[in-house]
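>>> Here is my input, please return the structure:
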Amino acid sequence: MSNLPSLLLPIQWRQNLSFTKLAQHLLSSFGALWLLVEMLSFFSQPAEDWLTSHWWLFLVLGIVSAVYSSRPRNSFSYKLEGRDVVIEILITDAFRVPGALIVPVNTTFDTDLGGRILKAPSIQGRFLRDYYDSNFEHLDLDIEKQIEIENYSHLKIIDDKPGKRKQFEIGTVVRLEKQDRLFYLLALTHINQEGRASCTKEYLDDALAKLWYHLGEKGDKCDIIIPVIGTGHARLPIVREEVIPRIIRSFIASCSSRTPCDKLTIVVYPDDVARYKINLRDLDKFLEYSCRYAQFAIPEQEQTRKTSDDSEALPVLRN
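As a prediction, the model looks like this:
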């Protein structure tokens, strides 16, 4: 299923196929038939007779046209009002989309955990297999090198968990470049004593805010690809249809003072659409509305200057 195009997902056909649209196309087809009959009746009676006797062709064309116009879309993209930024929701495999990929990890940046990460059907597991040939030790070296470059300080040492001991804060970002592709590892979850990851809505919001800030301050200003993070092994206790709007709102808020990238693509895995009954029509409407009516906060410095200017412009009242 994961390799099939979104056109073959039954749930998308159910969401997109509209009987109203079907009726409109049928009426349009018969309207075209009537117009042709009227025109041909003036020029050629045999042609009119043939066309009238083959009316069913227009019925078929109307149905085909209606079905084609209602075909499922695998992407929705809109330009953010007031910014040269595009936000897209795309149904595909995140690794197939060109751009810098966000890879969610835990706050101790574990890469092994007894082989669990390598075997897991997750973004991090796929990243380790495809770009490091399953060599977690090599990945560890690259992570440690970047942590030194960024001069990150760990929060504490944890002794009662498997894997690494140094824990960094939620939202820590590590930049890696491998096989001519850029990756940003984002600390999103904590690991417990059993080696299981956990995430909360607060962790998600905090991590996203710090991610956009990092990209705005230190990023490469390339297209950013972000999966629906936190919803797999992170055990985030909300549905995917809530995570996607949170990503959108967080990113738009970050564009108030800086633009982290020119294009953000939120990738939904094809299997998840059917498995979790994700309503893509609602997400499309939410994205369009959010981009069209985006409201940006005025930076504090600009707000102070604006208030000062407004005060100077006030008329002086005299008795």
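>>> hey, let's count contacts and neighbours off CA atoms from now on
Fine.
>>> ok, the closest residue to residue 159 other than its chain neighbours - how many residues close by?
Spatial nearest neighbour of residue 159, excluding adjacent residues (C-alpha to C-alpha, 6 or more residues apart in numbering): residue 165 at 6.1 Å. By the criterion of other C-alpha atoms under 10 Å, residue 165 has 17 neighbours.
>>> residues in contact with the residue nearest to residue 252 when sequence neighbours are not counted?
The shortest distance from residue 252 to any non-neighbouring residue, by C-alpha to C-alpha, 6+ apart, is to residue 294 (7.2 Å). Neighbouring residues of residue 294 by C-alpha atoms under 8 Å, 6 or more residues apart in numbering: 80, 81, 252.
>>> Helices - which of those residues land there?
With helices taken from DSSP state H, the overlap with the contacts of residue 294 comprises residue 252.
>>> from the contacts of residue 294, which is closest to residue 94?
In terms of C-alpha to C-alpha, no member of the contacts of residue 294 lies closer to residue 94 than residue 252, at 21.1 Å.
>>> what's the helix or strand where residue 250 lies in contact with?
Assigned by DSSP states H and E, residue 250 falls within helix 240-254. Helix 240-254 is contacted by residues 87, 205, 208-209, 212-213, 228-229, 231, 260, 266, 276, 278-279, 283, 286-287, 290, 294, 296-297 when judged by C-alpha under 8 Å, 6+ apart.
>>> ok so, going back, turn the buried ones among the contacts of residue 294 into a named ChimeraX selection, would you?
A single ChimeraX command suffices to select whichever of these are buried according to 16 or more other C-alpha atoms under 10 Å:
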select :80,252
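>>> out of the contacts of residue 294, who's nearest residue 142?
residue 252 (31.2 Å).
>>> Now do the contacts for the closest residue to residue 154 other than its chain neighbours.
In this structure, residue 154 finds its nearest non-sequential neighbour in residue 168, 4.6 Å apart by C-alpha to C-alpha, 6+ apart. Residues near residue 168 by C-alpha under 8 Å, 6+ apart: 107, 108, 153, 154, 155, 156, 187.
>>> Only the buried subset of those residues, as a PyMOL command please.
Here is the PyMOL selection string for the buried members of the contacts of residue 168, based on 16+ other C-alpha under 10 Å:
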select buried, resi 107+108+187
